[in-house]
Structure formats: structure tokens, C-alpha cells
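**Student:** turn this into a model:
(chains A, B, C and D)
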4 protein chains.
Amino acid sequence: MSAVFPLSRRVVAEALGTMLLVATVVGSGIMADKLTDDTALALLGNTLATGAILVVLITTLGPISGAHFNPVVSMILAIRRELPGSSLAPYIAAQIVGGIAGTVLAHGMFALSLLQASETVRSGSAQWLSEVAATFGLVFVILSGIRFRADAVAWLVGLYITAAYWFTASTSFANPAVAIARSLTNTFSGIRPVDLPGFIIAEILGAVLALMLAGWLLMEARNPETLTETESAP
Amino acid sequence: MSAVFPLSRRVVAEALGTMLLVATVVGSGIMADKLTDDTALALLGNTLATGAILVVLITTLGPISGAHFNPVVSMILAIRRELPGSSLAPYIAAQIVGGIAGTVLAHGMFALSLLQASETVRSGSAQWLSEVAATFGLVFVILSGIRFRADAVAWLVGLYITAAYWFTASTSFANPAVAIARSLTNTFSGIRPVDLPGFIIAEILGAVLALMLAGWLLMEARNPETLTETESAP
Amino acid sequence: MSAVFPLSRRVVAEALGTMLLVATVVGSGIMADKLTDDTALALLGNTLATGAILVVLITTLGPISGAHFNPVVSMILAIRRELPGSSLAPYIAAQIVGGIAGTVLAHGMFALSLLQASETVRSGSAQWLSEVAATFGLVFVILSGIRFRADAVAWLVGLYITAAYWFTASTSFANPAVAIARSLTNTFSGIRPVDLPGFIIAEILGAVLALMLAGWLLMEARNPETLTETESAP
Amino acid sequence: MSAVFPLSRRVVAEALGTMLLVATVVGSGIMADKLTDDTALALLGNTLATGAILVVLITTLGPISGAHFNPVVSMILAIRRELPGSSLAPYIAAQIVGGIAGTVLAHGMFALSLLQASETVRSGSAQWLSEVAATFGLVFVILSGIRFRADAVAWLVGLYITAAYWFTASTSFANPAVAIARSLTNTFSGIRPVDLPGFIIAEILGAVLALMLAGWLLMEARNPETLTETESAP
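**Tutor:** Numbering: from 1, shown residues only, chains lettered A, B, ... in the order given. Okay, the predicted model is just below:
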């Protein structure tokens, strides 16, 4: 990008995006659950809405803030120095605050108590393995997408989460800010506050694994002509 | 655009597009409702059809008229001087007439009375908050899409509405012309005529909020090199 | 296109594409109907498969033959001289033969009698109006897509049919070759042979209406600078 | 591609991609089956996840290894000399090992025994015809996609499989490595180990048919101007 947006607007973009993302996750869960007794169908409505809004939010807010909406993504990009270190804390704060605002907005739209403590148990090693795998995949997709097809990252993330809602036993939270926000709704997409630490640790672990693998796998390939000349060729 | 289409064709494009959009919203609602007892499944069919036709109509009619199909979108673009002020009234008239024609077409295809008064109650502060949020999001997505990825606006709108059908309690009308047209069908997608004012006021409010936020958030960022030189740098 | 494929290969492309399209329409209908008692869900599976295969077939065979797979599309393009008149009869023959082969292939894959006479009644003015509207929309989308976004026509057609399966009462055949092929299956997607003439006439009518409207609406717009100089400006 | 990735990383990319693909196929099958009694709905969740992850994996790993994830695709590309012959055996080994790892990962995430013998019967001529057709289509789409729209192959494969899950009676395995991996899960997506040879032979047959047809149909077209001059014109 040739132009840089000031931190104030980048932070608002992160908060706004995380708010709308969580409003969609929580709101579509409430809607789906209200309309059907079939849990697969409820998950389908939840998936469709979440995948679609991710493409939209990353495309429209990405040019401003990078559209992380996710503390582990910001952390990984800060480690790779693709996000200034001084932006990390404000980004994470904005994501957490925005996420909680999203839960409140969803509850408001469906005429429910604005903040609730979730009672949905999501714990145990299978759930944690699911979160490790989900976040590993998400971060790998983002890093590889940035490397090879930066214009397609919004689609890649939307489609990845569409798949991950179904192939992981945890329905793929893969995002500590969203997990915190979802602990405050006792509806379809909730998670007990007490289960947050396990999820967040698993998510960080998955992200770090992806960072390590991507560091090796996506390393710049050498041009055939220069193969014998130098290790640092393009 | 280097070429400008005459107003007559732009107005026909707005009427045609709004007609086909409403025929899809109303028609797919009738179809879905007829085929299943599960309301979530009916909403899924309704969503899929609406999201898909939006991408198609905006792509094929956008180069002619801008493909607003929505009075609040035309209003916002007129305020931003991206639509000539003299086109605003003809656009809105075409959208309303086209929308009603869409309801009539859908009823004709399903062998129902051509005009009906809806009896579906959609009222109250949760519904209105839903419409504020839905329209805020729609207008923000359009303004940000135009700013950053004009070639992708059709996809962004189709995906946004796909999500908004599920994350708002009102299933996201977000469009006064479509709301009027839907007040004339007593089927799945209807709304009581008496509930129209609340929806339309909420939609205008959401659109104005988006206009204000976008005015600040999407403001041209300054190039790092020129930061200290002038406020009006690219 | 700078290169022209010989007629033999263009005709094989039309037959192959129509075969795979019909195999998908008929096969996914059989699969869906076998797996569920909910007709909306069956239509959803049918829709998803049909929309997806259309994008694939038009993208992969379009560069060879234009990927019409539809006699009324070939007819309209011949009238507009975008298809050589001498190719019209071979194209239509290939589409009909390919379509029937698609029905046979679907029946073979599902271990059913290879050819059957459908007993599904699809008749009456509401059905015919549906086919007029469906084919009008399809042809308009193709002509406008070619005019403004030739690279996106495959997506536009896939998405349009996705919507039209739901917003028309006939589930949008919009294609005489596919209609003939579907008269030979007594499964989910069938149509009685005796109902074919009504559908085909309605489809031709819808296509001609689209041709007329597009001729006016999509006519080259004049450059602002040359508006007062000549009618034939670019 | 101007840069070539070393074999070690290409092989890891094939293993990783096949692992995540199989984890998605098997995992989403388990999830869907657990949440609903409606088999069509279960297949829908399975389809959505599989189609989405294919687009993601091919886009993010394609630039490294070509993203085959499928022994018959590697075989066909080796025959066409688009994959070095010396890479064929390592690719196939990586795909098989990765696929089995994917089954293990899915079982781990859902707290099931890590390896199981499937008891799902998938045999008989209709199933084999389905696999011939499914793999024929897949390989044709890949070869045609590479020829005409290399940037779109990820989307084409994802959409093709989305359709093929529904239009073939076998739900379109079309991949020997994935078939082997699926023989080790006694869940929704399984296949009895004893049924593998029939599937694999059918898949090879379909791939060879596609190779032959594509060799003729996709052959470089001649420029009109040079039609009478030479057979080897561009």
C-alpha cells in the first residue's frame, strides 16, 4: 500500500469489523436456532452468514487496517513485522471491545438481554485439538494467501471458515476476541467463560505452528537460473 | 465511466433491476414456503436466490444506471454528488414502480392474486434496530466497495445481504422500494403496510449513519512521503 | 478470440457440455430425492449442483464453442451474427443429442432404466409465464454479460440459474434441449413429453423479448464529448 | 512459474494439502451426521465444506506443488510432462500418507478411534460408472482450466466437486489417495477397504478417457489467417 491510514482509523476499522463479525456469528446463530429444530440446518445458516460476512468485511476494511479482527492474527503479523509492534496492543483492545459490542448488538436486534453468561460447555482435548487445527489452518491460509494471492485473501478466509465450521468438532472459533465475545451470549454460538482459557491457549498454539511451518514452506523459491549461485537469490 | 447512458435507459435499468430483485425475493419465498415446513430451510432458499440475483443484476445493470435498486442508496449517492441531483426523483420512482411490478410478476408466476395486502407484523424496537443495522452495513459496504474495489461491489452486496438475512431479526429489508413492494404480498416475505413507516425511517437512519462514518473512515489516506506537506495530497 | 476452433470440435464441446449439464440436473435431482423427504431440501441440492456445474462448464468449454448448451441462446446469437448461421443447425443438434446422452448417463449412474417417459405435469399459464420470465432473464444476462463483463459470464449464468430455480414456479428450465432431455426421465427433474411444446414456445418468446430489450438498453452509449456531433459516435 | 520449489517442500505441500482435504471430507461428514437425521442435509454440509476447502487449498498450495492432492492427477500431468517423472512416486506417496493423516486428525478432533475399517459398501457397476464419470469430469476440468484459465483452476475444481457430490451415485471420490484414507473411517464418508480396487480402477479409467479427449479437443486452435498455410501454426 502506498498510503497509510492513521492509527485512529485503523483501530476503529478493527473494532467495527470485529463487531459486525460477532454480530453475524451470534445473530445468525440465534435466528437459525429460532427457526428450526435441526441442528445441522442451524449450523448451515450460521456458516453461510459467517463465511459471507468475512469476505465482505475483509474486502471493505482490509485496505484500512488489514482486517485482522483476531488477536492471534495481529500477533503473528507483528512477529513477522508486517504490523508495527506499537499497533499490536491497540489492535487487540479494539478487537475485544468490538467483539463484545457485536454480541450486545445481536442481542439488541433479537430483543434479548444484552449481556449473558454462556452455559455451553466446550472443553476437553478433542475440542482443544480442534481449535489448534482450526487456527493452524486459518493462519497458514492467511500467510500463504498474502504471499501468493493477496487480492484473494478475503475469499480464502471466508471459504476456510465455511469449511472449518464443519470439519472441526469445535465449529472453529480460531479467534480469542470472538471467543470472549461469544462467552457473553447464552445462545447457539456461546461458550462458557470458564472454557475460554483452553480455547485461547489452543488458538495461540495453532497460530505458532502455522507461523513455523509457513516460515519454511513459503520461503522464497529460488530462480532455476540462480540455483547454483547464491542462497539469497529471489 | 467514459460513456454516459441517457436518463431514459438508466431509469428503465433501475425499474427492471428492482423488478427482478423483488420477483426473486417474493417468488423464492413463495417457492420455499410451499416446499417445506421448516422455516430455516425456507429462509435458506430465499437467501440463496436473493444473494445470487443481486450479484447478477448489479453486474449486468450497474454499467448502465449504477444498479442502486434502492432509494436510500440513490439518496446517499446524490448527497455525495455521485448521482446527479436531477436523477434522484426519477430513480426513486422507477425503483418503486419496478418493485411493485416484481411483486405482480412473482404472483403471476405462482398463480396467486396479483396484489395482496400483507398481514405479517414486523414492528417494534428490535425490528427497527435490525433495519438500522442492516442498512448501515449495506450502505457502508457500498461506499467502501466503491472506494477500494469498484469491480467487486456486486459480489460484496450479494454476500452482505446473504449474511444480513440471517444476522438481523428483520431479515434485512434495508430498502424502502423493496419494502413497499413486499407490503403487497401476503406470503413468506411480506410486511404489513402499516409497518412500512417504521422500517423506512430506520433504513434512512442507518444509511445516514453509514454516510457519516464512511466520510471519516474512508477519507483519502495521505502518502507517507507527503504527510508533512499538504492536507490534500492523494 | 484470435483463434477459431474447427466446427467438429465446437460441436463436440456443445454436446459434451450439454451432456454433463443434463447429467448434473437429472442426477442431482435423483440423489436429492433419494436422500430426503423434504422437497425444498431436494431442490436445494439440485440448485447447488446445477449452479456450480454451469460455472465450470461455461468456463472450460466457452473458449472452444461459446458454451451455449441451449438452442435459444444459439438462435439469439445467430440472429445477432455472433454465431455463424451455418453453425446453428449443428449446434442445436449437438445440444439435443448431448442432452439426451446426459439423461442416459445419469440413469446409468443411479442404476435406473436408461430412458423413461416423464409423468410430471408442468403446464398451464403460470408455468408458461415462469418460462417466459426465466428465459428472458437468462438471455438478458448473457447479452449484458457479453457486453460489459465477458470474463464473468460463466459466474453470471450459474448464479442466475441458482436464483431462477427458486423464483420461478417452473424451476426455470429456460432451455429447449435440456427440456427435451428431462422429458426422458421419470424422476425429480422430469417433464411430461406432452408439456414440451408449451415450454419451448414460452422459452423462445422470453428469448426474443430479451433480444429486443437488450438491443435498445445495451446499445453503445455515446461519449459525453461527442454527444452533439453524431449519432454513430462510439 | 519462474521459480521452482525444491522437491522436499513440494512433497510436504502435497501431504499437507491432502491431509487437510481428507480431514475436511471425513470431519464434516462426522459433524453433519451427528447433527441431523436427514441424509440430504448431511451431504449438503459435507459438500459445502469440501468445495470450500478445495478452493482454499489449491489457491494456497498450488504455487508450491501444483496442488494435485490426487494420484491420478499427478499421473496424468506426468504423462503430459507437466510434472517431472521423478516427482511422481514421491507425490503419490505424500498424498497417501497425508490422506491417512487427515483421517487420523478428523478422528482425533471428534474423539473417535484414530483408525477404523469402514463397513460402507460402495460397489457394483453403477458405482463404478459414477467414478469413471466423476474422474473424467475432474481431469477434463483441470486440463481445460490449465489451458484457458489457469488462475481459475482452484474455483473450477471446488465447484466441480460441489456438483459431483450430487450428480454421481458414488458422491464422487475421484481420487485414489482420498479413497484409501476414507477406507479407514467407519463414518459418513467411509468406503469398505475391499471396495477400493473397483473405485481406483474406475478412477484411472476416467482419467485416461479425459486425457484422450482433452488431447484432441483442447489442441491449440489455428489462427484464421494461417489456416491454409501450416498445421503447426499457433
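
**Student:** pLDDT averaged over the longest helix seen in chain A - what is it?
**Tutor:** Under DSSP state H, the helix in chain A containing the largest number of residues is helix A:7-35. For helix A:7-35, the mean per-residue pLDDT is 98.

**Student:** go on, stretch A:142-151?
**Tutor:** Mean pLDDT, computed over stretch A:142-151, is 96.

**Student:** quick one, what contacts A:Gly190?
**Tutor:** With contacts taken as C-beta atoms under 8 Å, 6 or more residues apart in numbering or on different chains, A:Gly190 has the following neighbours: A:Gln116, A:Ser118, A:Glu119, A:Thr120, A:Arg182, A:Ser183, A:Leu184. All C-beta atoms are positioned from the backbone trio N, CA, C, and that covers glycine.

**Student:** and it, how far from A:Gly29?
**Tutor:** Applying C-beta to C-beta, to the nearest Å, the value for A:Gly190 to A:Gly29 is 8 Å.

**Student:** once you drop chain neighbours, what's closest to whatever residue of chain A ends up closest to chain C?
**Tutor:** Using C-beta to the nearest C-beta, the point where chain A gets nearest to chain C is A:Leu41, with a distance of 8.7 Å. Distances taken as C-beta to C-beta, 6 or more residues apart in numbering or on different chains place B:Ala40 nearest to A:Leu41, at 5.0 Å, with adjacent residues excluded.

**Student:** over to A:Thr39?
**Tutor:** Spatially, and ignoring its direct neighbours in sequence, A:Thr39 is nearest to D:Leu35 (4.2 Å; C-beta to C-beta, 6+ apart).

**Student:** could you do A:Glu203 as well?
**Tutor:** Here the nearest residue to A:Glu203 in space, its sequence neighbours aside, is A:Thr135; by C-beta to C-beta, 6+ apart that works out to 4.4 Å.

**Student:** run through the helices of chain A in chain order.
**Tutor:** For chain A, the helices defined by DSSP H cover A:7-35, A:39-65, A:71-79, A:85-109, A:125-148, A:153-167, A:176-182, A:196-217.

**Student:** for the last one, packing partners?
**Tutor:** In this structure, helix A:196-217 makes packing contacts with helix A:71-79, helix A:125-148, helix A:176-182, helix D:7-35, judged by 3 or more C-beta pairs under 8 Å, 6 or more residues apart in numbering or on different chains; DSSP states H and E.

**Student:** and these, which is most packed in?
**Tutor:** Looking across the helices and strands packed on helix A:196-217 with neighbours counted as mean count of other C-beta atoms under 10 Å in any protein chain shown, the highest average goes to helix A:176-182: a mean of 27.

**Student:** and the residue nearest to A:Thr39, what does it touch?
**Tutor:** A:Asp38, A:Thr39, A:Ala40, A:Leu43, D:Ala42, D:Gly45.

**Student:** and it, how far from A:Phe173?
**Tutor:** Between D:Leu35 and A:Phe173 the computed distance is 17 Å (C-beta to C-beta).

**Student:** do A:Ser74 as well
**Tutor:** 16 Å.

**Student:** about what we covered before: what pLDDT is listed against the residue nearest to A:Leu41?
**Tutor:** 97.

**Student:** wait, doesn't it sit right on A:Leu43?
**Tutor:** No - under the criterion of C-beta atoms under 8 Å, B:Ala40 lies out of contact with A:Leu43, with a separation of 10.5 Å.

**Student:** overlap of the contact sets of these two?
**Tutor:** Listed as contacting both B:Ala40 and A:Leu43 by C-beta under 8 Å, 6+ apart are A:Ala32.

**Student:** which one's more surrounded, the two?
**Tutor:** Neighbours per residue (other C-beta atoms under 10 Å in any protein chain shown) separate B:Ala40 from A:Leu43, with A:Leu43 holding more: 24 against 20.

**Student:** hang on, the more buried one packs against A:Phe167?
**Tutor:** No - using C-beta under 8 Å, A:Leu43 is not in contact with A:Phe167, being 11.9 Å away.

**Student:** list the residues that contact both of these two?
**Tutor:** With C-beta under 8 Å, 6+ apart as the test, A:Leu43 and A:Phe167 both reach D:Met31.

**Student:** re the thing from before, what's the neighbour count on the residue of chain A closest to chain C?
**Tutor:** With neighbours defined by other C-beta under 10 Å, the count for A:Leu41 comes to 27.

**Student:** separation between it and A:Phe167?
**Tutor:** Between A:Leu41 and A:Phe167 the distance is 18 Å, computed by C-beta to C-beta.

**Student:** A:Ile180 now?
**Tutor:** The spacing between A:Ile180 and A:Phe167, counted by C-beta to C-beta, is 24 Å.

**Student:** how about A:Leu159?
**Tutor:** A:Leu159 sits 12 Å away from A:Phe167 when distances are taken as C-beta to C-beta.

**Student:** residues that sit against both of the two, list them.
**Tutor:** In terms of C-beta under 8 Å, 6+ apart, A:Leu159 and A:Phe167 are both contacted by the residues D:Ile53.

**Student:** compare the two and say which is more crowded by neighbours.
**Tutor:** Under the criterion of other C-beta under 10 Å, the comparison of A:Leu159 against A:Phe167 puts A:Phe167 first, with 35 against 28.

**Student:** distance of the residue nearest to the more buried one when sequence neighbours are not counted relative to chain B?
**Tutor:** Ranked by C-beta to C-beta, 6+ apart and with sequence neighbours excluded, the top spatial neighbour of A:Phe167 is D:Gly27, at 3.5 Å. Distance of D:Gly27 to chain B, given as C-beta to the nearest C-beta, to the nearest Å: 22 Å.

**Student:** who's in contact with D:Gly27?
**Tutor:** Remark: with contacts taken as C-beta under 8 Å, 6+ apart, D:Gly27 is in contact with A:Trp166, A:Phe167, A:Thr168, A:Ala169, D:Ala49, D:Leu105, D:Ala106, D:Met109, D:Phe110.

**Student:** apply 7 Å and report the result again.
**Tutor:** A:Phe167, A:Thr168, D:Ala106, D:Met109, D:Phe110 (C-beta atoms under 7 Å, 6 or more residues apart in numbering or on different chains).

**Student:** just for chain A, where's the confidence low?
**Tutor:** A:1-3, A:221-234 (pLDDT under 70).

**Student:** hmm, stretch A:106-121 touching chain D?
**Tutor:** No - contact check for stretch A:106-121 against chain D, using C-beta under 7 Å from any C-beta of the partner chain: none in range, with a minimum separation of 13.8 Å.

**Student:** how far does that stretch sit from the chain's center?
**Tutor:** Offset of stretch A:106-121 from its chain centre (C-alpha atoms, centre = their mean, to the nearest Å): 21 Å.

**Student:** and stretch A:164-184, end to end?
**Tutor:** Terminal residues of stretch A:164-184 are spaced 22 Å apart (C-alpha to C-alpha, to the nearest Å).

**Student:** repeat for stretch A:75-87
**Tutor:** Start-to-end, stretch A:75-87 (C-alpha to C-alpha) is 10 Å.

**Student:** now do it: distance to the chain's middle.
**Tutor:** A distance of 16 Å separates the centroid of the chain from that of stretch A:75-87, by C-alpha atoms, centre = their mean.

**Student:** same check on stretch A:159-177?
**Tutor:** When distances are taken as C-alpha atoms, centre = their mean, stretch A:159-177 is centred 9 Å away from the chain's centroid.

**Student:** on that earlier part again, what residues are up against the residue nearest to A:Glu203?
**Tutor:** By C-beta under 7 Å, 6+ apart, the residues touching A:Thr135 are A:Val72, A:Ala174, A:Glu203, A:Gly206, A:Ala207.
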